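Visitor: make a model of this:
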Amino acid sequence: MGELRAKWKVNMYAWLLLLPSLIFLLLFTFYPVIQTFILSFHQADLGSPEPFFNGIDNYKQMVEDEVFWKVLTNNIWFAIGTVPTSVALALAMALFANKAIRGKSFIRTAYFYPTVVPMIAVANIWLFIYTPEYGALSHVMEWFGKGDMNWLGDQKNVMWAMIFMVIWKEAGYFMIFYLAGLQNISQELYESASMEGASSWTVFRRITFPLLMPTTMFVSIIAFTNSFKLVDHLVIMTKGGPDNASNLLLYYIYETAFSFWDQGMASALTIVMVVLLLLVAAFQFFGMDKKIHYN
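Guide: Presented below is the predicted three-dimensional model:
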């Protein structure tokens, strides 16, 4: 009886400690998601004084909307362009910064610096770099005898310009997680491999990378999520143009909700984005979990 009472007290204390976080989670995560889901089945635009139930009409209109499919395709290509490259670059940066060389602190700071710069400031910096005629990139191309190019005004190039900028911004952030993972790997493993005469590539393939798989899974999920939520730069640089060539799903939701004032459609778009992120995160988590070495 005494053991049960002690166990009950421990559990009660644990739940009391979690209670503030649970309240915030319910108020600012679950409740808004539920309300958004309910509103997605209502017509709530400027032509409707009061929202009224319209079934799945918002979802039907979404499927028939060419802009939605273009924006979704843009976001998928944006994720494909940014996630693998930024994760691989972050790993390479972490491996280099983790070596015992001079200036290690400076190198780590230089790699991480873009992360601490606000995205709005980053967008303004790269807007100057990409500006035709007097932008920094235009001057570099002139030195090599190349013609001027309107990176943000060309539908074929604007997405590549966005992808390159986001990789520059995000790689340093992911590097920090890889640095933490590298420092948790026992040096005895590397010493044993050295005694066996293993090459650097073999050490990386057989020891370092497998033991970094938990970090890689975490970083991949964060990177994919970021590829759908990073839209601050669009406000400054392109506003989704030209002709929606750089538009992304979250920015399209913002436009639908606060420019066109169609709250019902914006809610439906939000639910689609949330479900898509959950499915991909679940696939990454449960699919990669079998290949992960936790010990």
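Visitor: what's the first helix or strand after whatever helix or strand I76 lives in?
Guide: Using DSSP states H and E, I76 sits within helix 66-97. Using DSSP H and E, the helix or strand that follows helix 66-97 in sequence is helix 104-116.
Visitor: low pLDDT regions in the protein?
Guide: Scanning the chain for pLDDT under 70 picks out 1-2, 100-101, 145, 147, 288-295.
Visitor: the helix holding I76: which residues count as buried?
Guide: Of the residues in helix 66-97, those buried under the neighbour-count criterion (16 or more other Cβ atoms under 10 Å) are 68, 71-72, 74-75, 78-79, 81-83, 85-87, 89-91, 93-95, 97. The way it works is simple: take the backbone N, C-alpha and C, and place the C-beta from them, glycine included.
Visitor: now that helix, how far from the centre of its chain.
Guide: 8 Å (Cα atoms, centre = their mean, to the nearest Å).
Visitor: just list what the helix or strand F283 falls within packs against, helices and strands only.
Guide: Assigned by DSSP H and E, F283 falls within helix 263-288. In this structure, helix 263-288 makes packing contacts with helix 31-39, strand 42-43, helix 57-64, helix 213-229, helix 249-258, judged by 3 or more Cβ pairs under 8 Å, 6 or more residues apart in numbering; DSSP states H and E.
Visitor: okay, the ones you listed in CSV with mean neighbour count and distance to L18 next?
Guide: Converted to CSV, the helices and strands packed on helix 263-288 look like this (neighbours: other Cβ atoms under 10 Å; distance: least, Cβ to Cβ, whole Å):
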stretch, mean neighbour count, distance to L18
helix 31-39, 13, 18
strand 42-43, 20, 34
helix 57-64, 15, 36
helix 213-229, 19, 22
helix 249-258, 20, 30
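Visitor: and of these, who's closest to M119?
Guide: Closest approach to M119 among the helices and strands packed on helix 263-288 (Cβ to Cβ): helix 213-229, 10.5 Å.
Visitor: quick one: residues in contact with the next helix-or-strand element following the closest one.
Guide: Next helix or strand after helix 213-229 toward the C-terminus (DSSP H and E): helix 232-237. Contact with helix 232-237 is made by 119-120, 122-124, 126-127, 130, 152, 162, 165-166, 240, 246-248, 251, as judged by Cβ atoms under 8 Å, 6 or more residues apart in numbering.
Visitor: stretch 148-157 too?
Guide: For stretch 148-157, contacts defined as Cβ under 8 Å, 6+ apart pick out 127, 130, 132-133, 137-138, 141-142, 158, 160-161, 237-238, 242-243, 245-246.
Visitor: again, only this time at 7 Å
Guide: Taking contacts as Cβ atoms under 7 Å, 6 or more residues apart in numbering, the residues outside stretch 148-157 that touch it are 130, 132-133, 137-138, 141, 158, 161, 237-238, 242-243, 245.
Visitor: in TSV, list these along with secondary structure and neighbour count.
Guide: Shown next, in TSV, are these (DSSP: H, G, I helix; E, B strand; the rest coil; neighbours: other Cβ atoms under 10 Å):
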residue	secondary structure	neighbour count
Y130	helix	24
P132	coil	14
E133	coil	9
L137	helix	17
S138	helix	19
M141	helix	14
V158	helix	24
A161	helix	20
M237	helix	22
T238	coil	23
P242	coil	15
D243	coil	11
A245	coil	19
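Visitor: which two in the residues you listed are spaced the farthest apart?
Guide: Farthest pair in the contacts of stretch 148-157, by Cβ to Cβ: M141 and D243, 24.4 Å.
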